[in-house]
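> what follows is a predicted structure for the sequence shown.
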Amino acid sequence: MIDFDVILSQYTGNAVVDRLLCVAERAEEDAVAVEALAHAKRALEGKVDEFSLTPVTSNGVAYERAMAIASTRGVSSSAVALSREWCEANAARADAELERLESSLADSRAERVRENLRMQYVELGDHYYDRGDLRNALTCYVRTREYCSTPNHIVFTSLNVVAVCLECEHFSQVHLHANKAMSLLDTMDDQDESVHVARAKLACACGIADLRLGRFKEAARRLTEIPVEIGTSFANVCAARDVATYGTLCALATFHRQELRSVLSNAQSGAFRAHLEAASDLREVLHNFYNSKYTACFSTLDSVRSTLALDIHLGAHIDALYKCIRDRALIQFVKPYVTVDLTKAASSFNATTEEIQDELARLIKDGNIRARIDGNAKALRIIDEPSTSTILEHMVADGETFEDETRAALLRLALLRNDVVVRDGGRPHDDRHRRAQALTDG
């Protein structure tokens with residue numbers, strides 16, 4: 001069940017509309033899509049409060065996208081009241097504002113004051129970003145770097161560039177600009193609160209980029225180490241619950257038990273447990289998985305799967321993450337036993353015996369579990385035989401030992417033949433000498 005109030009309250013700017021339109025595109029139920037489009041329309045045209053009519057963003061590109069989604073899904077214009085007239089009027093307003101900003105930029109160029117030029121490019125980039133022209137927004141933000149005169153200005157610019165790159169899905173660029181800003185932050189006063197916030201934002205952006213690229217292990221490490229200082233300051237990209245959700249799923253899919261323990265015990269440098277307070281259901285999932293309570297764990301995961309599939313960042317990877325989590329749980333489940341009852345395993349994983357048997361067969365085929373399935377007895381029997389790699393390791397070790405012993409024996413023989421003998425305390429005919437002499441005579 002989508003809680004649209006959460007989307008409207010936890011995000012700002014384009015993030016609100018982008019997430020609503022993502023729901024409208026991916027939702028199976030037409031009623032959910034219509035409601036998402038209606039909320040997107042209000043966010044674009046203006047939301048009425050007790051004081052004024054204030055739009056969240058005037059993103060004309062997003063408005064056009066909303067109209068295209070409505071047309072594709074067969075939603076009538078009257079259902080969401082999307083207006084072509086509003087779109088044209090908004091474009092006219094945006095063009096007038098763009099003309100004013102470009103005129104101001106020309107004046108600043110004539111004055112050649114670096115700070116004024118920097119601010120003008122920032123305003124121009126904000127304008128392009130607000131109207132949905134991400135390519136020109138990125139160009140303006142990058143151009144701003146030429147006129148930065150302090151480290152704080154460069155970090156501010158990098159944060160703008162990173163946010164736009166995430167929205168443009170230029171994920172490699174996210175890492176490039178974030179790493180540059182991170183290296184600069186390392187030289188700044190670590191007692192400054194703004195430094196901690198900026199570092200948290202950059203880590204969050206890199207974690208999301210890793211997630212979108214399918215690098216779940218790297219995403220888990222970054223997201224579970226994000227300081228709590230990020231708070232709601234990155235609402236134009238993600239919310240605190242997103243940090244908890246993305247971090248938990250990626251950690252479950254890739255972390256070993258010791259790593260999960262460090263997350264649960266808050267032993268890492270970040271404060272991931274504080275982020276988990278915003279997602280109590282996923283916090284319970286993490287605890288249940290670590291404590292091998294798989295029935296409760298997968299019951300909760302299955303209940304939120306349809307909602308997570310509508311997330312703008314998780315949607316494309318939710319199937320892969322769930323598969324990794326389930327595989328890791330099955331491997332962990334069978335590890336302590338010699339024989340596993342497939343009926344009981346199916347009950348623990350909320351599945352049928354046939355489904356569990358198929359999943360285990362795949363894990364055996366992939367080499368993740370060394371076992372055989374007894375179809376008649378409905379049991380999994382672990383194979384105690386050492387693996388091929390283990391046998392090869394023992395063979396190599398035995399060969400090296402034999403080589404060392406042979407080389408030592410040949411060296412000893414050579415010493416004896418050349419009468420190089422160490423005599424002990426003037427007793428040349430002790431037992432060791434006699435054995436060596438006998439070996440030489442033989």
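That came through fine.
> least trustworthy helix or strand in the chain by mean pLDDT?
Using mean pLDDT, DSSP states H and E, strand 47-48 stands out as the lowest-scoring helix or strand of the chain, at a mean of 46.
> which residues does the spatially closest residue to residue 369 that is not a sequence neighbour contact?
Of all residues not flanking residue 369 in the chain, residue 363 sits nearest, at 4.6 Å (C-beta to C-beta, 6 or more residues apart in numbering). In short, each C-beta sits where N, CA and C put it, glycine included. Residue 363 makes contacts with 327, 330-331, 369, as judged by C-beta atoms under 8 Å, 6 or more residues apart in numbering.
> kindly write the ChimeraX command that selects the buried subset of those.
Typed into ChimeraX, the line below selects the buried ones among those, using 16 or more other C-beta atoms under 10 Å:
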select :327,330,369
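> want to throw the contacts of residue 363 into TSV with pLDDT?
Below are these laid out as TSV (pLDDT from 0 to 100):
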residue	pLDDT
327	93
330	93
331	92
369	89
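> need the contacts of residue 363 in JSON lines (columns: secondary structure).
What follows is those, written out as JSON lines (DSSP: H, G, I helix; E, B strand; the rest coil):
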{"residue": "327", "secondary structure": "helix"}
{"residue": "330", "secondary structure": "helix"}
{"residue": "331", "secondary structure": "helix"}
{"residue": "369", "secondary structure": "coil"}
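> where does the stretch 51-200 of the chain have low pLDDT?
Within the stretch 51-200 of the chain, the stretches with pLDDT under 70 are 51-57, 77-78.
> quick one, helices of it?
60-72, 77-80, 84-111, 114-131, 134-144, 151-168, 171-185, 193-212 (DSSP state H, counting those that start in this stretch).
> make JSON lines from the ones you listed and add distance to residue 36 and mean neighbour count to it.
Listed next are those as JSON lines, based on distance: least, C-beta to C-beta, whole Å; neighbours: other C-beta atoms under 10 Å:
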{"stretch": "helix 60-72", "distance to residue 36": "9", "mean neighbour count": "18"}
{"stretch": "helix 77-80", "distance to residue 36": "9", "mean neighbour count": "14"}
{"stretch": "helix 84-111", "distance to residue 36": "18", "mean neighbour count": "13"}
{"stretch": "helix 114-131", "distance to residue 36": "21", "mean neighbour count": "20"}
{"stretch": "helix 134-144", "distance to residue 36": "21", "mean neighbour count": "19"}
{"stretch": "helix 151-168", "distance to residue 36": "18", "mean neighbour count": "21"}
{"stretch": "helix 171-185", "distance to residue 36": "25", "mean neighbour count": "18"}
{"stretch": "helix 193-212", "distance to residue 36": "21", "mean neighbour count": "22"}
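> let me have the ones you listed in JSON lines, extended by distance to residue 7.
Listed next are those as JSON lines, based on distance: least, C-beta to C-beta, whole Å:
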{"stretch": "helix 60-72", "distance to residue 7": "14"}
{"stretch": "helix 77-80", "distance to residue 7": "16"}
{"stretch": "helix 84-111", "distance to residue 7": "22"}
{"stretch": "helix 114-131", "distance to residue 7": "19"}
{"stretch": "helix 134-144", "distance to residue 7": "21"}
{"stretch": "helix 151-168", "distance to residue 7": "16"}
{"stretch": "helix 171-185", "distance to residue 7": "23"}
{"stretch": "helix 193-212", "distance to residue 7": "17"}
